[in-house]
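Chemist: Give me coordinates for this.
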Amino acid sequence: MAVNFQKTKEMVMGPPSLVVIFLPIQSSIGNIEQVSSVKLLGLHLDANFSWRSHVEAMLSKATKHLYFLKLLKHAGVPGAQLQHFYVAVIRPILEYAAPVWHHLIMNCHSDQIEAIQKRAINIIHSPTHGMPYSNTLHFAGLTSL
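Modeler: Got it, this is the predicted structure:
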């Protein structure tokens, strides 16, 4: 297998207090770049085993898709189709590889993820504005993330 050294990165993983500074790995074309975070198979990994960067990237991407949900709502698309759009397009972003990372995130990140779902439900179903989140989920027929 031929290694593409221009795409190859080196990341030393561990708590910042325990990470030893290593010299860069040499290749035939120069040093391999040392990084503190990397995107691998759609997951954002960082050197100190924090999922903060992954959650932030995921929230950013899902928020951008909420804009399209709003556009569809303003165009008069029925609620059932809006919910189908949410379940097919936005929710998979929020759930991607969740068995890997979800049990390791902080409660504030979990709340931010649930807030995206609540915003989507409020866009789809106008009567849910001001409802508690559990009632909003029940109204929409969805489960918590």
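
Chemist: after the helix or strand bottoming out on mean pLDDT in the chain, next one along is what?
Modeler: Taking mean pLDDT, DSSP states H and E as the measure, the chain has strand 26-27 as its least confident helix or strand, at a mean of 74. Where DSSP states H and E defines the elements, the next helix or strand beyond strand 26-27 is strand 30-31.

Chemist: quick one: the lengthiest helix in the chain to chain centroid distance?
Modeler: Looking across the chain with DSSP state H, the single longest helix is helix 52-74. Offset of helix 52-74 from its chain centre (CA atoms, centre = their mean, to the nearest Å): 10 Å.

Chemist: picking that back up, from the chain's centre, how far out does the least confident helix or strand of the chain sit?
Modeler: On CA atoms, centre = their mean, the centre of strand 26-27 falls 33 Å from that of its chain.

Chemist: And stretch 128-145, by the same measure?
Modeler: That offset, for stretch 128-145, works out to 21 Å (CA atoms, centre = their mean).
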